[in-house]
Structure formats: structure tokens, C-alpha cells
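1. What follows is a predicted structure for the sequence shown.
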Amino acid sequence: MVKIISIANRKGGVGKTTTAVNIATAMAAIGKRVLILDMDPQGNATTSLGINKNKCLFSTYDLMINNCKAEDAIVKTDIKKFDILPSAPALAAAEIELIDVNKREYVLKNALNVLSGKYDYILIDCPPSLNLITINALVSSDSVIVPLQSEFLALEGLTDLIKNINIIKKNFNSKLDLQGIVLTMFDKRNNLSQMVETDVRKYFGSKVYKTVIPRSVRISEAPSHGQPVLIYDFKSNGAKAYLNLAKEVLKREKEI
């Protein structure tokens, strides 16, 4: 049975897309069948995998609004057992178009039902806001991974996000769980990064992954080459960190 994991944070630029793409790559490398849903209108996950979103016949917008079948919109990547359902700029208008739809919070969940036996994991790259698209993603998911940039203001946003997750769990999706929080863009030379880590681990305990993702030029460069950092530079510290994170994610999945 497929497990669906949302990668979410209301703040942009925290590493959601990079985390989604590299966890998926690591999963595929050990033989798991993986699909990424690019639910951000910016389409960064799509671009990060070397796919021109302007040339895709269908997108997550068509899945949400035009009753497109999920199978028809899926695009194979260059990585074996790793597919993506690409995004398109039109997705930005989907929230408005969903307003009058009956049970609008469940549109994505219903659209994904047909994929139940086709993948081991579906990772949803959410937009940086709590809109109807993100709500649909969370309603569809078994769990959530929250990338958290290692800076002070990120803590305030994290508290609000956890509240939102609990509200969605109470009202729409009782099985939804916080799988974990991953610290990203971590600079061990920076006292602030270490202070943020101490505070997050104090308040969220074992929900915080042991692995932290370092600030890395190689991680930043990889998307411009249309590759996950795990392929772009497998020996880099960033690649090793994401490989370790994927191991933690899979271990927690077995424990759930």
C-alpha cells in the first residue's frame, strides 16, 4: 500500500523541494517505486529534475481542476523507479477555482486513489503557504516532513504550522502524523544555527531527525543541472546528509 508524505512549511526557501527530490532519489536507489507531486506553482521540483514544465501535456493543475487522470499526467525522470507529476504556473489559480467545489479539501485525495498499488511512496512538494492546495496535500497524506531553516524566525512559523497540522488532523484526516522535522541550511560555525537546533530538539524531542542538512554550494548548484545532489555530486557532504536523512525517514516509516 502506498505511503503519502507531504513536505511542508509555510515559509519559502527552507529546502522543501530539495528535501523532497533527494529523499525520493534515495528511495528509488534502494528499489522503492517513488512519485513526486509538484504542488508548487513555481514548479521547482519539476525543473530540479531536468524537466521542462512548459512542454508537459498535463500537470497537477489538470489533476486538481480538469479531472485529468493521474496516470496521464505522470512523467518519468531519468532515475529508475522515480516519476514526477509536474506542476504548471496555472496551479496558482487553482485555489480560486476550488472555492465552489463540493468537498474541495478532498479533491487531491480522490485523484490519487488510482495510484494506490503503483508506488511505494508518493512525496508531495507543497507550496510555501497554507492554502487550499496545501490543505489538499495534507488531507491526502499519511505524514508530514517539515524542513526547518536554521534561523530564529523559522521557529515562530514552525509553531503555527504544527497547529495547522493538528487542525487538519482533527477535522479532515485523523491518520495524519508529523513524521519529523529536519534542520536545513545548517552552518555548524554559526552560533545561531546551534541555538536553533538546541531549541527545536528541546521542544520537539525525537520528532527532530538526527541528521541535519548543511549549507552547501553543491546542494544549491544541483537544481541548475537538473539533478538531485545525490546524483550531481554523490560524495559531497550535502549528498551524504540527504542519504542519511532518507534512511531515517524509511526507518520511521517501518516503525509507524
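-> Alright, I've got the coordinates. Numbering: from 1, shown residues only.

2. Arg189: which element?
-> Of the helices and strands defined by DSSP states H and E, none includes Arg189.

3. Can you give me the neighbour number for it?
-> Look at Arg189: counted by other C-beta atoms under 10 Å, it has 7 neighbours. Every residue, glycine included, has its C-beta placed from N, CA and C.

4. Relative to Ile162, how far out is the residue lying closest to Pro86 once chain neighbours are set aside?
-> Nearest residue to Pro86, sequence neighbours excluded (C-beta to C-beta, 6 or more residues apart in numbering): Thr46, at 4.1 Å. For Thr46, the distance to Ile162 equals 28 Å [C-beta to C-beta, to the nearest Å].

5. So the two - more neighbours on which side?
-> Counted by other C-beta under 10 Å, Thr46 and Ile162 do not tie: Thr46 has more neighbours, with 29 against 17.

6. just to confirm, which helix or strand has the more buried one in it?
-> Per DSSP H and E: helix 44-48 holds Thr46.

7. Residues touching stretch 24-35, excluding its own?
-> 36, 74, 79-85, 115, 118-123, 228, 230-231, 242-243, 245-247, 250 (C-beta atoms under 8 Å, 6 or more residues apart in numbering).

8. Tell me where the model's unsure across the chain.
-> The chain contains residues with pLDDT under 70 at 256.

9. cutoff 50 now
-> For the chain, not a single residue meets the criterion pLDDT under 50.

10. In it, what residue spans correspond to helices?
-> 16-29, 44-48, 60-65, 70-73, 94-98, 107-112, 132-140, 152-171, 191-204, 217-221, 229-232, 237-255 (DSSP state H).

11. how about JSON lines for those helices, with distance to Leu183 added?
-> Shown next, in JSON lines, are the helices of the chain (distance: least, C-beta to C-beta, whole Å):
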{"stretch": "helix 16-29", "distance to Leu183": "11"}
{"stretch": "helix 44-48", "distance to Leu183": "20"}
{"stretch": "helix 60-65", "distance to Leu183": "28"}
{"stretch": "helix 70-73", "distance to Leu183": "33"}
{"stretch": "helix 94-98", "distance to Leu183": "30"}
{"stretch": "helix 107-112", "distance to Leu183": "28"}
{"stretch": "helix 132-140", "distance to Leu183": "21"}
{"stretch": "helix 152-171", "distance to Leu183": "9"}
{"stretch": "helix 191-204", "distance to Leu183": "6"}
{"stretch": "helix 217-221", "distance to Leu183": "14"}
{"stretch": "helix 229-232", "distance to Leu183": "17"}
{"stretch": "helix 237-255", "distance to Leu183": "10"}
